[in-house]
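**Q** Structure, please.
(one chain, ligands or ions: 1)
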Amino acid sequence: MANKTFYITTPIYYPSGNPHIGHCYTTSACDAIARYKRMQGFDVMFSTGTDEHGMKIEENAKKAGLDPQVYVDEIAAKFKKLWEYMNISYNRFIRTTNKAHKSAVQKIFKTIYDKGYIYKGEYSGKYCVPDESFWTQSQLKDGKCPECGRDVIDAKEEAYFMKMQPFAEKIEKLLTETDYLQPQARVNEMVNNFIKPGLEDLCVSRTTFKWGIPVPFDEEHVVYVWLDALSNYITLLGYENDEHDDMRYWAADLHMTAKDIVRFHSIIWIAILSALDLPLPNKLYSHGYINLGGSKMGKSTGNVVDPFILGERYGVDALRYQILRDMPFSGDMDYSNELMLNRINTDLANDLGNLVSRTVAMVEKYFDSTLPEEKLQNNEQDSGLITLATGLKAKVDSLIDEPQLGLALTEIFKVISRANKYIDETAPWILAKDEADKPRLACVLYNLLEAIRISSVLLSAFMPATMPKVWEQIGFCADREYLFNAYKNAGLWGVLPQDVTVKRGEIIFPRFDVVKETAYLNTLIK
Ligand code: MSP
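**A** Next up, the predicted model:
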């Protein structure tokens, strides 16, 4: 029987500037979930890409003296390079300038038009150029764009609109009667600010710029970016095109975005899908922002942290870990160099790194690297560690599904801390003094290796480059490509061979001098 599918998406990013750690957050979060679901045996489709049309891109290309296509080609390549560097295991990268997507969007537009949901009218309103969004007077905040706080302009033009009212009830039901939108706090915002006042029709075409997909039956118009952009989630599967034949993955199990575009994914996308008579996605998780100096990190404000700098110096896995660990479920995270360095030192170098190196060093020292088959049975002193470690998988499973990645990591590190405490409680160096205690010592060290095995298998979804290095050291043979068995056994005790052989290796996470490193980083990242 074919495996159950799991379809997870990142937003498709604007190629209007270099990617930064804000983009890395969403993409790394999706990557961790995709990897976890693959371990669980799901047939995963994990998509990302770039959203390449619109006035802002056209303007940026002009400023750079480039043809828009050349301009987006360059930046899309940077996103791809970053995702490769960060070990992002996406299955498909969609660019909205690709031929199959463009023709599919034209068909989608025509279908919705033929059904009577799209009509021609005139738009006049307040328009935020950088965000490419029209706003009503009441939505403005102090006369400025409510999303980015910048000036809006008066804009008027002939445009096609999509009716929203026919879908209002369905959207409200989805938001209020199901768990579609997470965290739940965002539901009130959507209902009170957009649905209750009456949904406005959506502008779906523009005539004031050319860099877009032509409306098939009225070529003066190009498709307005959100209809174009949101459709990526189905066109990349092959909807209305022959490039792929993967609609079996639809409906999406999880769309992940930050809160900036939650309206588009919780209201407009639902209307589009309903107009097309397609099933609705299962969940939208809209996380908070990575802030820098109190405001949202973003390429348009220039306050960005370059992931390549951090990755080069501290390792990609450390960066992935820190952002996923410190972003709260429904709030923002303030990035600071100190926070990152302290997190690396405390959790990765001290707690995890020391646990692995101490355990492996003791097996090497006391048993010449190979534990004896014969050891004492576990006793009461061991039960706390064993119960916590074997219960971990079920906890992480449900936190991944929520998805509460920071809490999932917290739970894993509880086991790692418990194992460190177990070393203090059992004092292996004292047991080693007496030959008669050797069978007990072997039992203690085996238990430590087992706790490391379980934690590292579950951590491998978050830190995929480093955990295989841990496995080499603790003598755990896991198929790196196919972690199904490793995951399946993560709830069991006694999986490593009794006579396991360890192999001392490099330090997995070095410790940094926070003061020195912060001073260095402050010269690069302000
Ligand atoms: N092109 C649209 C999305 C279309 S999806 C059909 C867009 N692009 S964007 O480049 O502006 O990316 C927005 C997304 O990037 C956010 O929703 C979030 O996933 C990520 N982030 C960008 N900056 C971020 C932070 N400072 N913090 C957290 N996430 C950040 O909107």
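**Q** Next to the ligand, which bits of the stretch 251-400 of the chain? Give me the list.
**A** For the stretch 251-400 of the chain, the residues in contact with the ligand (C-beta under 6 Å from any ligand atom) are 257, 258, 260, 261, 289, 290, 296, 297, 298. Bear in mind the C-beta positions are built from the backbone N, C-alpha and C, glycine included.
**Q** can you list these in CSV and add neighbour count, pLDDT and distance to residue 188?
**A** Shown next, in CSV, are these (neighbours: other C-beta atoms under 10 Å; pLDDT from 0 to 100; distance: C-beta to C-beta, whole Å):
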residue, neighbour count, pLDDT, distance to residue 188
257, 18, 98, 18
258, 19, 96, 18
260, 16, 93, 17
261, 21, 96, 18
289, 20, 95, 19
290, 25, 94, 24
296, 20, 87, 21
297, 22, 85, 26
298, 20, 82, 25
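**Q** any chance of the residues you listed in JSON lines, plus distance to residue 460?
**A** As requested, these are exported to JSON lines (distance: C-beta to C-beta, whole Å):
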{"residue": "257", "distance to residue 460": "26"}
{"residue": "258", "distance to residue 460": "26"}
{"residue": "260", "distance to residue 460": "31"}
{"residue": "261", "distance to residue 460": "30"}
{"residue": "289", "distance to residue 460": "28"}
{"residue": "290", "distance to residue 460": "24"}
{"residue": "296", "distance to residue 460": "31"}
{"residue": "297", "distance to residue 460": "28"}
{"residue": "298", "distance to residue 460": "31"}
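**Q** Can you list which of these are found in helices?
**A** Applying DSSP state H to those, no entry is found in helices.
**Q** Mind picking the one among these that's closest to residue 199?
**A** residue 261 (16.8 Å; C-beta to C-beta).
**Q** Now that residue 164 has come up, it's in contact with residue 271, right?
**A** Yes - counting by C-beta atoms under 8 Å, residue 271 is a contact partner of residue 164 at 5.5 Å.
**Q** Next, show the common contact partners of the two.
**A** residue 202 (C-beta atoms under 8 Å, 6 or more residues apart in numbering).
**Q** could you say which helix or strand contains residue 47?
**A** strand 43-50 (DSSP states H and E).
**Q** Least confident secondary structure element in this structure?
**A** Lowest on mean pLDDT, DSSP states H and E among the helices and strands of the chain sits strand 133-135, with a mean of 74.
**Q** count of neighbours near the closest residue to the ligand within the stretch 1-150 of the chain?
**A** Proximity of the stretch 1-150 of the chain to the ligand (C-beta to the nearest ligand atom) peaks at residue 22, 2.4 Å away. By the measure other C-beta atoms under 10 Å, the count of residues near residue 22 is 24.
**Q** show me what contacts it?
**A** Under the criterion of C-beta under 8 Å, 6+ apart, the neighbours of residue 22 are 258, 289, 290, 296, 297, 298, 304.
**Q** which residue packs closest to whatever residue of the stretch 101-250 of the chain ends up closest to the ligand, ignoring adjacent ones?
**A** The stretch 101-250 of the chain approaches the ligand most closely through residue 229 (3.9 Å), counting by C-beta to the nearest ligand atom. Closest residue to residue 229 apart from its sequence neighbours, by C-beta to C-beta, 6 or more residues apart in numbering: residue 51 at 4.6 Å.
**Q** how many neighbours does residue 148 have?
**A** For residue 148, using other C-beta under 10 Å, the count is 17.
**Q** wait, doesn't it sit right on residue 131?
**A** Yes - taking C-beta under 8 Å as the definition, residue 148 is a contact partner of residue 131 at 5.6 Å.
**Q** anything in the least confident helix or strand of the chain near the ligand?
**A** No - Strand 133-135 is not in contact with the ligand by C-beta under 6 Å from any ligand atom; minimum separation 10.0 Å.
**Q** need the next SSE after that strand, C-terminal direction.
**A** Counting by DSSP H and E, what follows strand 133-135 is strand 153-162.
**Q** Flag every buried residue along the following helix or strand past that following strand.
**A** For strand 153-162, the following helix or strand on the C-terminal side (DSSP H and E) is helix 165-177. Of all the residues in helix 165-177, those buried under the rule 16 or more other C-beta atoms under 10 Å are 167, 168, 171, 172, 174, 175.
**Q** Convert stretch 201-217 to CSV, retaining C-alpha atoms only.
**A** Coordinates of each C-alpha in stretch 201-217 appear next as CSV, following Å, rounded to 0.1, in the frame of the first residue of the first chain:
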residue,chain,number,x,y,z
ASP,A,201,-13.7,42.0,-3.3
LEU,A,202,-10.2,41.2,-4.2
CYS,A,203,-8.4,43.0,-6.9
VAL,A,204,-7.0,40.3,-9.2
SER,A,205,-5.5,42.3,-12.1
ARG,A,206,-3.4,45.4,-12.8
THR,A,207,-2.7,47.6,-15.8
THR,A,208,-0.1,49.9,-14.3
PHE,A,209,2.8,47.5,-14.7
LYS,A,210,3.7,44.8,-17.2
TRP,A,211,5.8,42.3,-15.2
GLY,A,212,3.1,39.7,-14.6
ILE,A,213,1.1,36.9,-16.2
PRO,A,214,-1.3,38.4,-18.9
VAL,A,215,-5.0,37.9,-18.3
PRO,A,216,-5.7,35.4,-21.1
PHE,A,217,-8.7,37.3,-22.6
